[in-house]
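Enquirer: got a predicted model here, sequence first, then my questions.
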Amino acid sequence: MSYLRMENLDLAAKRVLIREDFNVPVSAGRITSDARIRAALPTLRTALEQGAAVIILSHLGRPVEGVPDPQFSLQPVAARLGELLGMEVRLQRDWLGGVDVEPGEVVLCENVRFNSGEKNNDETLARSMAGLCDVFVMDAFGASHRAQASTEGVTRYAKVACAGPLLARELEALAQGLQDPVRPLLAIVGGSKVSSKLTVLDALLDQVDELIVGGGIANTFIAATGHGVGKSLYEPGLIHQAQILIQKAHARGGSIPVPKDVVVAKAFSADAKPLVRNVDEVAEDEMILDIGPLTAIEYSEIIAGAGTIIWNGPVGVFEFRNFAAGTRALAEAIERSSAYSIAGGGDTLAAIDQFGITDGISYISTGGGAFLEFVEGKTLPAVAALEAAGSN
Ligand code: 3PG
Ligand code: MG
């Protein structure tokens, strides 16, 4: 790919604006997985060692645009990043007008999504961001599928725009795993909604030999095979689509297995009592929160037989101990497997962290949606903008 790389530029005494994806899970003001912050450290250290004045941009969550909601503040990220870098990282609330930063210092700008126009890639906003720096470094692979002011727009208007080492490494590792995968190729896609991953699921079916769905997505597939799902999170309006996907998998000689058994509870809470049920025995007042033990064994066997594994999204509410066993079993099966395994997505990273299986995954991507869009073969707008900037 033809873009400039940060490693090839002289950053000494330059104002370097680095877009990272520090969209980390935060619960009650505490970061529950700092994997995305740690992944960016080599980029930031390299820039600092070169004598750059470092200004960082990131989003966090999906605040109402233009409304600086403290719940979505990057303050916890500034604190954690400071610990990891062993230096002060100042959080600047109002930064569009300019940032005071000296070579060797780091300033983290408050959530880019607090600015109106971020999401619709407003030109004036993107130009203000570009005006903050001598060099713009796009390093946020996880946000590279968004054509937003701090990802795509700023890349077009910056004096110099280049790819950061993390972004470049992500693109290379994913391409390596997907161009000519060792088969069977298995994808595991969890998450809450079929609607948000419909095109991804459809495109994956063109490439994979087997597709395991989990979480709320699986619930819609369970409903699509005629079973009641009680109070479970699912999308009745997408049952037909799910049936079409199942047929498509069959037509290609593969399948989208539906869990044989599930773990249910009467409430969505950490202390709700878990009950194992056959998939056709879920009561009206119950919700499915994990796959059951038989299903975990069946899926682990599918994993054991795979040559390449793409994993995005948990299969249960792994944050609650009572409903973590399914995701843990799959994670451990991937760890045991000698397949080339690629995992991506915020929740997936958190699960990998929680179960301590980092070393058992061949490549861990920091991307969620971006990871899936890459897998799907889509153009990532921020990468396209980098390539355009590089060829100018
Ligand atoms: C992610 O978590 O996948 C990225 O940070 C993108 O976040 P978004 O889906 O809110 O744009
Ligand atoms: Mg492994």
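Expert: Yes, it's here. Ligands and ions are numbered 1, 2, ... in the order given.
Enquirer: the stretch 201-350 of the chain against ligand 2: which residues are in contact?
Expert: Within reach of ligand 2 by C-beta under 5 Å from the ion, the stretch 201-350 of the chain has these residues: Ser337. All C-beta spots, glycine's among them, are computed from the backbone N, C-alpha and C.
Enquirer: make it 8 Å
Expert: Residues of the stretch 201-350 of the chain found near ligand 2 (C-beta under 8 Å from the ion) are Ile334, Glu335, Arg336, Ser337, Ser338, Ala339, Ser341.
Enquirer: show me the contacts for the third one.
Expert: Contact criterion C-beta atoms under 8 Å, 6 or more residues apart in numbering gives Ala304, Gly360 as the residues in contact with Arg336.
Enquirer: any idea of the pLDDT on it?
Expert: We have a pLDDT of 97 for Arg336.
Enquirer: and it, how far is that from Ile303?
Expert: 8 Å (C-beta to C-beta, to the nearest Å).
Enquirer: doesn't Val263 belong to a helix?
Expert: No - according to DSSP: H, G, I helix; E, B strand; the rest coil, the state of Val263 is strand, so it is not within a helix.
Enquirer: what about it, neighbour count?
Expert: Look at Val263: counted by other C-beta atoms under 10 Å, it has 25 neighbours.
Enquirer: likewise for Lys273?
Expert: Using other C-beta under 10 Å: Lys273 sits among 10 other residues.
Enquirer: ok, it - contacts?
Expert: Here Lys273 is in contact with Ala265, Lys266, Asn322 (C-beta under 8 Å, 6+ apart).
Enquirer: hang on, isn't the second one packed against Glu286?
Expert: Yes - using C-beta atoms under 8 Å, Lys266 is in contact with Glu286, at 6.0 Å.
Enquirer: quickly list what's touching both of the two.
Expert: Counting by C-beta under 8 Å, 6+ apart, nothing touches both Lys266 and Glu286.
Enquirer: Val213 bridge partners, please.
Expert: Counting by DSSP bridges, Val213 is bridged to Val189.
Enquirer: meant to ask about Val16, not that
Expert: Here Val16, judged by DSSP bridges, has bridge partners Val54, Val135.
Enquirer: residue contacts, the residue of the stretch 201-350 of the chain found nearest ligand 1?
Expert: Evaluated by C-beta to the nearest ligand atom, the stretch 201-350 of the chain has Gly346 as its residue closest to ligand 1, separated by 4.7 Å. Counting by C-beta under 8 Å, 6+ apart, Gly346 makes contact with Asn23, Val24, Pro25, Ser33, Arg36, Gly142, Gly368.
Enquirer: considering these, which possesses the most neighbours?
Expert: Ranked by the number of neighbours (other C-beta under 10 Å), the contacts of Gly346 place Gly142 first, at 30 neighbours.
Enquirer: hey, where'd the helices end up in this protein?
Expert: 35-49, 75-85, 123-130, 154-157, 165-179, 198-207, 215-224, 239-251, 293-304, 325-336, 346-355, 369-375, 381-391 (DSSP state H).
Enquirer: just the buried positions in the second one, please.
Expert: So that's helix 75-85. Gln75, Pro76, Val77, Ala78, Arg80, Leu81, Gly82, Leu84, Leu85 (16 or more other C-beta atoms under 10 Å).
Enquirer: and Lys266 and Glu286? Which one has more around it.
Expert: Between Lys266 and Glu286, Glu286 has the larger neighbour count (other C-beta under 10 Å), namely 22 against 14.
Enquirer: neighbours of the nearest residue to Arg277 once chain neighbours are set aside, just the number please.
Expert: Closest residue to Arg277 apart from its sequence neighbours, by C-beta to C-beta, 6 or more residues apart in numbering: Val264 at 5.3 Å. Neighbourhood size, Val264 [other C-beta under 10 Å]: 26.
Enquirer: test my guess that Val264 contacts Val279.
Expert: No - using C-beta under 8 Å, Val264 is not in contact with Val279; the gap is 10.1 Å.
Enquirer: shared neighbours of the two, anything?
Expert: Here Val264 and Val279 share no contacting residue, scored by C-beta under 8 Å, 6+ apart.
Enquirer: enumerate the residues of the stretch 101-250 of the chain near ligand 1.
Expert: Neighbours of ligand 1 within the stretch 101-250 of the chain, by C-beta under 6 Å from any ligand atom: Gly142, Ala143, Arg146.
Enquirer: closest one to ligand 1 out of the buried residues of helix 75-85, please.
Expert: Distances from ligand 1 to these, taken by C-beta to the nearest ligand atom, are shortest for Val77, at 12.2 Å.
Enquirer: so the closest one touches Ser33, yeah?
Expert: No - with contact defined as C-beta under 8 Å, Val77 does not count as touching Ser33 (11.9 Å).
Enquirer: anything in contact with each of these two?
Expert: Common neighbours of Val77 and Ser33, using C-beta under 8 Å, 6+ apart, are Val24.
Enquirer: quick one: the strands in the stretch 1-150 of the chain?
Expert: Shown for the stretch 1-150 of the chain, the strands assigned by DSSP state E, counting those that start in this stretch span residues 15-19, 26-27, 30-31, 53-57, 89-92, 106-109, 135-138.
Enquirer: mean pLDDT for the ones you listed: which is lowest?
Expert: Looking at the strands of the stretch 1-150 of the chain, the bottom one is strand 26-27 with a mean of 90.
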